[in-house]
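Asks: pasting the sequence and the predicted coordinates here, then a few questions.
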Amino acid sequence: MNRKIKRFTFTLLLISLFSVTQVFGQDSGIGDSILKSLNTFWSNTGFANFAFKNLSMIAVGIIFIILAVKKGWEPLLLVPIGFGMIVGNIPFSTGYEIGIYEEGSVLNILYSGVVKGWYPPLIFLGIGAMTDFSSLISNPKLMLLGAAAQVGIFLTFFGAFAIGFTPQESGAIGIIGGADGPTAIFLASKLAPEMIGTIAVTAYSYMALIPLLQPPVMRLLTTKKERVIRMKPPRAVSKTEKIAFPIIGLILTAFISPSALPLLGMLFLGNLLKESTVTERLAETARFALINSITIILGFTVGASTQADRFITWDSLKIFGLGALSFIIATACGVLFAKVMNLFLKEGNKVNPLIGSAGVSAVPAAARVSQEQGLQADKTNHLLMHAMAPNVAGVIGSAVAAGILLSLLT
């Protein structure tokens with residue numbers, strides 16, 4: 001049986017070869033056409049356009065996905081960004097309107113929401129609809145910790161300018177220290193559009209790495225005695241206070257920084273939809289369907305924008321270094337300012353310095369780190385509710401800082 005199959009296969013091969021030879025012999029033009037088509041096909045494959053830079057970025061994308069799945073580090077961000085990196089670095093020939101930087105391509109149209117800066121306000125709408133400002137309302141002085149953490153933004157701005165970036169580029173890089181991806185994208189779209197991909201990936205990468213970056217700084221700057229400080233439970237906040245907060249908060253912050261109005265307006269609108277309780281359907285849409293849809297598109301397109309030929313540069317490496325530095329500075333400033341506050345507070349009202357690190361606006365990741373570090377020092381000392389106050393203040397603070405930079409640098 002096997003011999004018959006082998007004979008049949010061999011015979012079929014001979015017939016095929018004879019047929020091709022006959023075609024080529026009868027009309028060399030057809031043969032040339034076939035060879036030309038095969039050559040065109042090959043030149044358009046990823047193998048023909050392959051570069052090791054592409055492979056390195058694909059590897060980074062896979063690492064992002066592994067960290068998200070195995071470690072649980074910001075999976076809602078790292079999975080779409082990581083997969084976008086893989087898609088964006090599949091080698092291809094230009095001219096077919098498939099690349100993210102090719103005018104008119106589907107990816108380019110989706111990416112326009114990043115470039116034009118209209119994804120971030122929509123995300124802020126969802127964040128506002130998900131955020132409970134009760135802890136901040138009950139203890140307003142903790143807002144100062146959120147403000148203190150924004151010092152990292154301005155120090156990084158000066159650092160970026162000192163190593164050769166333009167003032168506009170430095171402002172876009174500095175906002176990474178706010179630990180707020182949407183704000184970083186919004187400001188970069190206005191000040192340094194060519195750097196959006198690098199800045200966005202840097203901001204989201206370090207947001208995911210907060211559980212690694214913050215704890216060493218927190219332990220270094222605090223004593224055992226400070227880490228076990230117990231704070232009074234937050235007071236109950238009335239419904240009236242919750243409804244009034246987004247209205248008053250918008251007026252105060254927008255008057256200080258009108259340039260941040262797209263972010264602040266949507267943030268406080270989302271919160272009002274939540275707290276008013278009469279627009280629950282809208283709040284539900286904002287905090288689930290809308291923010292989830294925009295997060296998928298934004299993460300994917302930001303990842304796809306990291307094409308190796310544009311992304312792997314010395315400037316990108318500098319931005320990654322400055323991003324790490326800005327996170328460390330922001331964390332340190334929040335912790336140190338909490339220690340300074342304690343110099344003026346009576347015993348029993350003191351602040352646990354560990355919550356100062358939550359002043360960066362990575363909600364709720366930074367607050368969870370404060371909680372974890374507090375439990376390591378004292379298994380019965382829960383800091384999460386207290387840490388949420390500077391954490392949500394950081395969201396507002398980073399938007400205000402972005403508005404200030406935008407008004408100064410445009």
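Replies: Here it is on my side, so go on.
Asks: all helices of the stretch 51-200 of the chain, in order?
Replies: 52-66, 75-88, 106-115, 119-130, 134-138, 143-149, 151-162, 167-174, 181-191, 196-208 (DSSP state H, counting those that start in this stretch).
Asks: pipe those into TSV and attach mean neighbour count, mean pLDDT and distance to residue 287 per row.
Replies: Quick note: C-beta positions are derived from backbone N, CA and C, even for glycine. Listed next are the helices of the stretch 51-200 of the chain as TSV, based on neighbours: other CB atoms under 10 Å; pLDDT from 0 to 100; distance: least, CB to CB, whole Å:
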stretch	mean neighbour count	mean pLDDT	distance to residue 287
helix 52-66	17	92	25
helix 75-88	22	94	13
helix 106-115	18	93	19
helix 119-130	25	96	4
helix 134-138	21	95	16
helix 143-149	25	93	21
helix 151-162	20	92	27
helix 167-174	25	94	28
helix 181-191	28	93	15
helix 196-208	26	89	19
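Asks: now render those helices as JSON lines, adding distance to residue 289.
Replies: Below are the helices of the stretch 51-200 of the chain laid out as JSON lines (distance: least, CB to CB, whole Å):
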{"stretch": "helix 52-66", "distance to residue 289": "24"}
{"stretch": "helix 75-88", "distance to residue 289": "14"}
{"stretch": "helix 106-115", "distance to residue 289": "16"}
{"stretch": "helix 119-130", "distance to residue 289": "9"}
{"stretch": "helix 134-138", "distance to residue 289": "25"}
{"stretch": "helix 143-149", "distance to residue 289": "29"}
{"stretch": "helix 151-162", "distance to residue 289": "32"}
{"stretch": "helix 167-174", "distance to residue 289": "30"}
{"stretch": "helix 181-191", "distance to residue 289": "17"}
{"stretch": "helix 196-208", "distance to residue 289": "22"}
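Asks: so for residue 291, which of those helices sits nearest?
Replies: Smallest distance to residue 291 across the helices of the stretch 51-200 of the chain (CB to CB): 2.7 Å, for helix 119-130.
Asks: which other helices and strands does the closest one contact?
Replies: For helix 119-130, the packing partners by 3 or more CB pairs under 8 Å, 6 or more residues apart in numbering; DSSP states H and E come out as helix 181-191, helix 261-275, helix 291-304.
Asks: most packed of those?
Replies: helix 181-191 (a mean of 28; mean count of other CB atoms under 10 Å).
Asks: neighbouring contacts of that helix?
Replies: 77, 114-117, 119-121, 123-124, 127, 168-169, 171-172, 175-176, 178, 195-196, 199-200, 202-204, 207, 262-263, 298, 302, 361, 398-399, 402, 405-406, 409-410 (CB atoms under 8 Å, 6 or more residues apart in numbering).
Asks: now swap in stretch 323-336 and tell me
Replies: 145-146, 148-153, 155-156, 159, 173-174, 176-179, 202-203, 205-206, 210, 213-214, 217-218, 221-222, 353-354, 356-360, 390.
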